[in-house]
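build me a model from this:
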Amino acid sequence: MKKNRQVIKTIFLLAFLSCFLWAGPGSSPLWADTEVETLKKQLAQLTEMMTQVQQKLADMEEEKAEEAEAMEEMDERLNQAELHTATDKLSLGIELRSRGDSIHYDDVLTAPASMMTNFFTPVGSGGFNGATATQIQTALNNMAATNTIPAAEKSDVDNDAIFTNRFRINMKAKINPQLSFAGRLAAYKVWGDSSEVQYYNGSMSNISLDGTTSSLPSGDTIHLERAYFNYKHPLENLPLNFSLGRRPSTDGPPLEYGEYSLEGGSPLAHIINWQFDGASLNFGLEDLTGIPGAAFKLCYGVGFESGFGNSSSMSATSPVDDVNMLGFIATAYDDDTTSAVINVAHAPDITDGFTGQTVMPFTVTQNADGTYTFAQNTGSYISRTEPTTNIGDWTAATLLLRTNLSERFDKDIDLFLSFAWSHTSPEQTSQHPFYNLLGYGLLNSNGELESRDGYSIYAGAIFPMPYDGRLGLEYNWGSKYWFNFSGAEDSLVDSKLGARGHVFETYYIQPVFADNFFVKLGGRYYNYEYTGSGNPLGAPVAISDANALDTLFPVVDKVWNVYLSATVKF
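Alright, predicted model coming up:
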């Protein structure tokens, strides 16, 4: 820059001299003619020098432009390399939630001791122990015919304070613009309990299952909840996304309203809230159809693998096949404020249970001579459970509609409404000794094999409150034969979306430091109408009609659950 300024000064000086020496006609020369000629020659030399300088300046400008272009290209390469280096690393996020619940059960129905004693009394003394299935069924039929089946006993059960910690490690990595990874490790435990195995009280949430290990309290062990990769392939007007691994299949829409900045799964929670392994293929249809957010996702998952680790794995005549689940998720419209999503799922040949562990209150053995032996588990020994029978097909569908009113009414209010339907087609009665004795099948009892249709409604509204707080009001109802796979829902009572009856919930979420620290106060009220919520085995019975035979495992009528939690997330 200093050289440039010196050249410019020289040019101005030469121009000034030229004008001064050649002032025009009538001017008086200051020097003699010879001196003028000398100056003319010098001026010509200077003019030539000016031309050379101008050319040199032009060359310098061209070199400068080329240098700037090279620097820009180098900067772009360095930025790409820096981005590549930064995003190839695994990004970790930590979440810890401490929560206290107060749970109160009203009118818990249980079979009286006189009924349970029959199973442990020898057949010779009038009991069922050592009797054949025919003898037991005859005795039960006689009790029903003579109206001598004892009534269920009612009692209230309170757990005034129970505390839990839920710890999560969230993992993310962007390998390149087309390939990414995500995962989650989780531990969820009750304060003062790390046994991982619960006492069985008739609910699938009492069994340590692959589908629920990190979503329900199960000791202090770290479990793999999610681990999958996404591969994006940008076709013209039809972007594809293929994903494989342990799926993000829990806490899906619209359950995310009940948490602050929750990263929910892709299946709609109204029909599927269950951990499983599988794959998905998503087609982005927005550019092709012109409909905002339009997409179509094909899903596949494995619920049970029969050929590994089970008692019949090495048998050529295994009575149980794998359980696979197929389905699709169709986003019909989504403009970030209003959306409509359909989820359809189908599972052929579901089983009468899943591989897991629990503590059964008693064991049932079918002997070679056709008699049954009942033994009380007085030592609370851990039992390994596994399915025995493929009992039938399950199909479910749900439609979720939701909107935010901020654009239309300038109110940040979220509304959602979800309709769901389930259909079961039984194929055979369970071959498990105890269930077979009672004739339990897919939503059937006494050996019946009737198809069933169930229905459910789920609705909610979330309102803005002072200091960025959120107030939520939610309600759901399930019919007599309603059945879904929502056993991984985060609840110490049981899945509210699996309830055959009514559930009301209200909660208040207050951020303290944005989404890094927030507290939540809430309450739920369960009013069950039928037995067996969330369980595919046995025909549901109206709570008001349940007798001792229907309540061999506890049946819950009404539940009050109040909770307070504090969550740190970073």
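
quick one: the helices in the stretch 101-250 of the chain?
Counting by DSSP state H, counting those that start in this stretch, the stretch 101-250 of the chain has helices at residues 113-120, 133-145.

of those helices, flag the one that's most buried.
Highest mean neighbour count of those: helix 113-120, a mean of 16 (counted as mean count of other Cβ atoms under 10 Å). All C-beta atoms are positioned from the backbone trio N, CA, C, and that covers glycine.

what's it packed up against?
If you count contacts as 3 or more Cβ pairs under 8 Å, 6 or more residues apart in numbering; DSSP states H and E, helix 113-120 packs onto strand 372-376.

same thing but at 10 Å, please
helix 133-145, strand 362-366, strand 372-376 (3 or more Cβ pairs under 10 Å, 6 or more residues apart in numbering; DSSP states H and E).

mind putting those in TSV, distance to residue 564 and mean pLDDT included?
TSV is the format used below for these (distance: least, Cβ to Cβ, whole Å; pLDDT from 0 to 100):
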stretch	distance to residue 564	mean pLDDT
helix 133-145	46	89
strand 362-366	37	91
strand 372-376	39	94
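
out of these, the one nearest residue 240 is which?
Among the helices and strands packed on helix 113-120, strand 362-366 comes nearest to residue 240, with 50.6 Å by Cβ to Cβ.

distance of residue 276 relative to residue 482?
21 Å (Cβ to Cβ, to the nearest Å).

more neighbours: the two, which one.
When neighbours are counted by other Cβ atoms under 10 Å, residue 276 and residue 482 differ, and residue 482 comes out ahead with 26 against 23.

the more buried one falls within a strand, correct?
No. Using DSSP: H, G, I helix; E, B strand; the rest coil, the assignment for residue 482 is coil, not a strand.

please enumerate the helices of the protein.
Using DSSP state H, the helices of the chain run over 2-21, 33-87, 113-120, 133-145, 286-289, 406-409, 433-437.

can you flag the weakest of those helices by average pLDDT?
Least confident of the helices of the chain, judged by mean pLDDT, is helix 2-21 with a mean of 48.

which residues touch the closest residue to residue 429 other than its chain neighbours?
Excluding its sequence neighbours, the residue lying closest to residue 429 (Cβ to Cβ, 6 or more residues apart in numbering) is residue 441, at 4.5 Å. The contact partners of residue 441, by Cβ atoms under 10 Å, 6 or more residues apart in numbering, come to 352, 389, 391-392, 424, 426-430, 435, 447-450, 536-539.

which of those fall in strands?
Cross-referencing the contacts of residue 441 against strands under DSSP state E gives 391-392, 424, 426.

tell me the one of the residues you listed nearest residue 101?
For the ones in strands among the contacts of residue 441, the nearest to residue 101 is residue 424 (32.2 Å; Cβ to Cβ).

what about that closest one, distance to residue 355?
According to Cβ to Cβ, residue 424 and residue 355 sit 22 Å apart.

which of those two has more neighbours?
More neighbours surround residue 424 than the other of residue 424 and residue 355, with 23 against 19 (other Cβ under 10 Å).

okay, and the beta partners of the more buried one?
Residue 424 has these beta-bridge partners by DSSP bridges: residue 394, residue 452.

and residue 96, by the same measure?
For residue 96, the beta-bridge partners are residue 167, residue 568 (DSSP bridges).

how near is it to residue 165?
From residue 96 to residue 165 the distance is 7 Å (Cβ to Cβ).

ok, back up a step: rebuild the helices of the stretch 101-250 of the chain as TSV, extending it with distance to residue 283.
Listed next are these as TSV, based on distance: least, Cβ to Cβ, whole Å:
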stretch	distance to residue 283
helix 113-120	55
helix 133-145	52
